[in-house]
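Q: sequence first, predicted coordinates after that:
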Amino acid sequence: MRFVIPSLLAFATSVTAIGNTLVFNNSTSPIYVWSVSSTVGPQQTVVSGGLYMEPLHRDENSGGIAIKITKKAGGLYSGDPQQIFAYSIDNAQVWYDLSTVFGEPFAGQRVEVTSDTGGSIIWPKGSNPGGSQVKVASSDENVWFTVYGAPGV
C-alpha cells in the first residue's frame, strides 16, 4: 500500500490552495470517522486502503475541529474507544494533536500524524508514548492521520 500514498498526496494537493486534513486507513479493517466541531458531521466509513479528506477549516463557535475515529460503526455514540485527531487553523498555521478517549482503539497498531514541514506525531503501538503531542505546520499543507495494521498483518 505504500505506493498509494504518493498518488493520494498528489491528488489531495491539487484539490485546493488551503491544506486538507486526511485520514488514511492502511489497516485491514474499516474505520469510522466523524468531523466534530460545534456540530457533528455524518459518520464516514473508510475501508482498508481508503481515505477521508476535508479542507482545513475553522469553526467559528468552537474554534477547533476534532476528527474522531472508531473501529466500530456508530462508535461515537456507544462509548467505544475513540482516537481523536484534533486541529485548529490560525491564519497561516494549523496546530494539531492526537489523543484518545474511552480507551485506545488502535492499541498494538501504529498511528501517526504527519505533514510536509510540521512535526510528526508517532504512536508506534497505538498509545501515547508520552510528552507533548501538539505540533504545527503551515495551513496550506496537508496534515495526514494514518492508521496501520497490527504488526505481522
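A: Thanks, I have the structure now.
Q: and Gln44, bridged to which residues?
A: On DSSP bridges, the residues paired with Gln44 through beta bridges are Val33.
Q: what about it, distance to Glu141?
A: The gap separating Gln44 from Glu141 is 22 Å, by CB to CB, to the nearest Å. The way it works is simple: take the backbone N, C-alpha and C, and place the C-beta from them, glycine included.
Q: ok, so what distance separates the residue lying closest to Ser78 once chain neighbours are set aside from Asn20?
A: Distances taken as CB to CB, 6 or more residues apart in numbering put Lys72 closest to Ser78, at 7.1 Å, once the chain neighbours are dropped. Distance, Lys72 to Asn20, using CB to CB: 26 Å.
Q: which one of those two has more residues nearby?
A: Set Lys72 next to Asn20 and count neighbours by other CB atoms under 10 Å: Asn20 wins out with 18 against 13.
Q: do I have it right that that one meets His57?
A: No - with contacts counted by CB atoms under 8 Å, Asn20 stays clear of His57, the gap being 9.9 Å.
Q: buried ones in stretch 124-131?
A: Gly126 (16 or more other CB atoms under 10 Å).
Q: quick one: least confident helix or strand in this protein?
A: Scoring the helices and strands of the chain by mean pLDDT, DSSP states H and E places helix 4-15 at the bottom, with a mean of 47.
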